[in-house]
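1. what follows is a predicted protein model with its sequence.
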Amino acid sequence: MKKTNLLSFLVVIGLILSSTKLIASITITLTAGELYQSNGVTPMADNGLIQLIADTGADGFTAPSNSSFVGGSPNDIILASFALDHNTFGSSGCFSNLINYTLLAPVVAGNQLMFRWFPLLTISSSQPGVTSYGQFTSLTATDFGNGWIVPADGGVIDLNLLTLGQGGSHAESYGVANLLVPEPTSFAMLGSGLLMIGSMIRRRK
């Protein structure tokens, strides 16, 4: 009886140990220089929304839509969402955030990474709506960091975007939220339809 209990105990321990080995964990430090609103002059304020995204389909990143931060793409997975905090880095205007992520399918080593920032949104925003945003990715190492690729199990990488003003290699424009989430297609179509109707009415008059 005791041998049976011991054997069962060892089997359970073995299953636990084997299952933990299947769970891969990675550590990413994301650092960037000053980020700006769409006008290129107003700095992004603390609590603005920042996201780190993985492309699991090797088909390129999908732009955000009015109702989805990843444009409804099933292949773009948000690994982390957090609020900007300038107090996390010693240099003025910079921020740095430590991200611990457990690799779970479909995210695997080798997936490309991208970070997006939404100056006018916060961590509590459930969808983008019509707003400006910026984004950055690079397959090669940038600004004393690593390439923007998901590392292997246990990997530790630094993802950096530093502009010339922060001692990096990128022009200041790289830190500007110069992209725009478009209005919903339905509203655009409705607007076009109303314009056509208005034009027809004026012609009849």
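-> Everything's here; your move.

2. check contacts around the spatially most central residue of the chain.
-> Nearest residue to the geometric centre of the chain (CA atoms, centre = their mean): L52, 2.6 Å. By CB atoms under 8 Å, 6 or more residues apart in numbering, the contact list for L52 reads I28, L30, I78, L79, A80, I99, L113, M114, F115, L159. C-betas here are computed from N, CA, C, even on glycine.

3. go again using 7 Å as the cut-off
-> L52 makes contacts with L30, L79, A80, I99, L113, F115, as judged by CB atoms under 7 Å, 6 or more residues apart in numbering.

4. got it, and M114?
-> I53, F61, Q135, F136, T137, W148.

5. so which strand or helix has it?
-> Secondary structure from DSSP states H and E places M114 in strand 112-118.

6. do the same with N97
-> Taking DSSP H and E as the definition, one finds N97 inside strand 95-103.

7. want to throw the contacts of M114 into TSV with secondary structure?
-> Listed next are the contacts of M114 as TSV, based on DSSP: H, G, I helix; E, B strand; the rest coil:
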residue	secondary structure
I53	strand
F61	coil
Q135	strand
F136	strand
T137	coil
W148	coil
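
8. checking the residue nearest to A141 when sequence neighbours are not counted next. Helix, strand or coil?
-> Using CB to CB, 6 or more residues apart in numbering and skipping the chain neighbours, the partner closest in space to A141 is G147 (5.2 Å). Put simply, G147 is coil when judged by three-state DSSP.

9. if I look at G147, how far off is Q51?
-> 19 Å (CB to CB, to the nearest Å).

10. pick out whichever of those two has more residues nearby.
-> Taking neighbours as other CB atoms under 10 Å, G147 and Q51 compare with Q51 leading, 21 against 15.

11. for the more buried one, list each beta-bridge partner.
-> Note on Q51: beta-bridge partners by DSSP bridges are S81, R116.

12. F69 is in contact with that one, correct?
-> Yes - with contact defined as CB atoms under 7 Å, Q51 reaches F69; the gap is 6.4 Å.

13. show me the shaky parts of this protein.
-> By pLDDT under 70, the weakly predicted segments of the chain are 1-23, 89-92, 185-205.

14. circling back to that earlier point, quick check: buried residues in the strand holding N97?
-> F95, S96, N97, Y101, L103 (16 or more other CB atoms under 10 Å).

15. beta partners for the last one?
-> The one in question is L103. A24.

16. tell me which residues touch it, please.
-> Under the criterion of CB under 7 Å, 6+ apart, the contact partners of L103 comprise A24, S25, I26, D153.

17. recalculate using a threshold of 10 Å.
-> 22-26, 54, 79, 109, 111, 150-155 (CB atoms under 10 Å, 6 or more residues apart in numbering).

18. which of those count as buried?
-> When the contacts of L103 are checked for burial by 16+ other CB under 10 Å, the buried set is A24, I26, A54, L79, N111, V150, P151, G155.
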